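> Everything below, folded, please.
(one chain, ligands or ions: 1)
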Amino acid sequence: MNRRTFLRQSALGLVALTTARTAQAAPILRFDDPEFHAVVDPAARVTTLYDGGRWCEGPCYAPRLGGLVFSDVRANRMMLIGGDGTVRPFRDPSDNANGNTLDGQGRLVTCEHRGRRVVRAEADGTLTVLADRYEGKPLNSPNDTALAPDGAIWFTDPIFGISMPEEGIVRTPEQAARRVYRIDPDGTLTGMSDALDQPNGLAFSPDGRLLYVSDTGGSLNPEGARSVSVFPVEKGRSLGAPRPFATVETGVPDGLAVDAEGRVYAACGDGVRVFRPDGRLLGRIATAQEAANVTFGGPDGRRLFIASGPALMAIDLKVRGSGRA
Ligand code: MG
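Residues are numbered from 1 along each chain as shown. Next comes the predicted model:
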């Protein structure tokens, strides 16, 4: 850049803008354990794919739908980032959609705060309701969902979508608990656990024998949970008693993902924390604003997509996802 160009761009504020973007692209990886080097190259960069959202959530890599689908919960719409990087509305309005996953046949399954239901998108674009009531009463506000190895769809049902006016419609909960639910491939809905205060993100281990669930009670109550619990899954159809897996001091762990070797990725207030299967913290992919959710995808399954406030970001890792989040 010559001096005249510099002065002109400086007057327009473009130089400062360029500098800020360069700074954002700097590595923001924290290595707490040498094993984190097996997960991510220290030179890896976080790329911002989109930063025009209000509260991005529910990233779901769906090449058959055209790319990466995600929810902008507070803007009440879903968006799609195409393979060429273009971003366009996908479902607008979305009933304050939040978590997404693909079912065993590749159909998009979505949790809706406003609709207080879990829906599946059919090939013709119509939505089939998979769950909206339990024991005759409306669900709270389904938050996040994951596919089990047996084809069942699991989801969590905390109260955020009926307690935060910007994320749904404020209502008095009619369910006595905030449960983890399972939708059998035959459509049967079963409450699997009411052990957590505000169950939120969930992900299965690669063999399907463990279910990780975050508890975000701490975002409603300062003394509430800020933790991830792990449940043994028995024959795919019942959960054993949960045990503590990880706790954070500030913020809450929200969305979860698991890689092919069983490591757990938790979207937290200070970025994505990565844990060994035994719960040891390996490191962190820091984000400027709190991370809400995380998923694996990309052509070879090694790209980690991160929803963080107004942004959807990506970083290429050395490991691939388990394909179950
Ligand atoms: Mg969530």
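> Buried residues in stretch 306-325, which are they?
Using 16 or more other C-beta atoms under 10 Å as the test for burial, stretch 306-325 gives 306-315, 317, 319-325. Heads up, the C-betas are built off the backbone N, CA and C, glycines and all.
> mind saving the C-alpha coords of it as CSV?
Coordinates of each C-alpha in stretch 306-325 appear next as CSV, following Å, rounded to 0.1, in the frame of the first residue of the first chain:
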residue,chain,number,x,y,z
ILE,A,306,-18.6,-23.2,16.2
ALA,A,307,-21.7,-21.1,16.8
SER,A,308,-20.7,-18.1,18.9
GLY,A,309,-23.0,-15.1,19.5
PRO,A,310,-23.5,-13.4,16.1
ALA,A,311,-21.0,-15.6,14.4
LEU,A,312,-20.6,-19.0,12.8
MET,A,313,-16.9,-20.1,12.7
ALA,A,314,-14.8,-23.0,11.6
ILE,A,315,-11.5,-24.6,12.3
ASP,A,316,-9.9,-27.6,10.7
LEU,A,317,-8.7,-30.2,13.2
LYS,A,318,-6.6,-33.4,12.9
VAL,A,319,-9.4,-35.7,14.0
ARG,A,320,-12.8,-36.3,12.6
GLY,A,321,-16.2,-36.3,14.4
SER,A,322,-18.0,-39.4,15.6
GLY,A,323,-20.9,-38.5,13.3
ARG,A,324,-23.3,-38.5,16.3
ALA,A,325,-24.1,-35.0,17.3
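> That one near the ion at all?
No. Stretch 306-325 is not in contact with the ion by C-beta under 5 Å from the ion; minimum separation 9.3 Å.
> Give me the distance between that stretch and the centre of its chain.
Chain-centre distance of stretch 306-325: 9 Å, with C-alpha atoms, centre = their mean, to the nearest Å.
> What distance do you get for residue 106 to residue 65?
Noted for residue 106: a distance of 9 Å to residue 65, by C-beta to C-beta, to the nearest Å.
> of these two, who's got more company?
More neighbours surround residue 65 than the other of residue 106 and residue 65, with 17 against 11 (other C-beta atoms under 10 Å).
> Quick check: closest non-adjacent residue to that one.
Leaving aside its sequence neighbours, residue 65 sits nearest to residue 108 (C-beta to C-beta, 6 or more residues apart in numbering; 6.4 Å).
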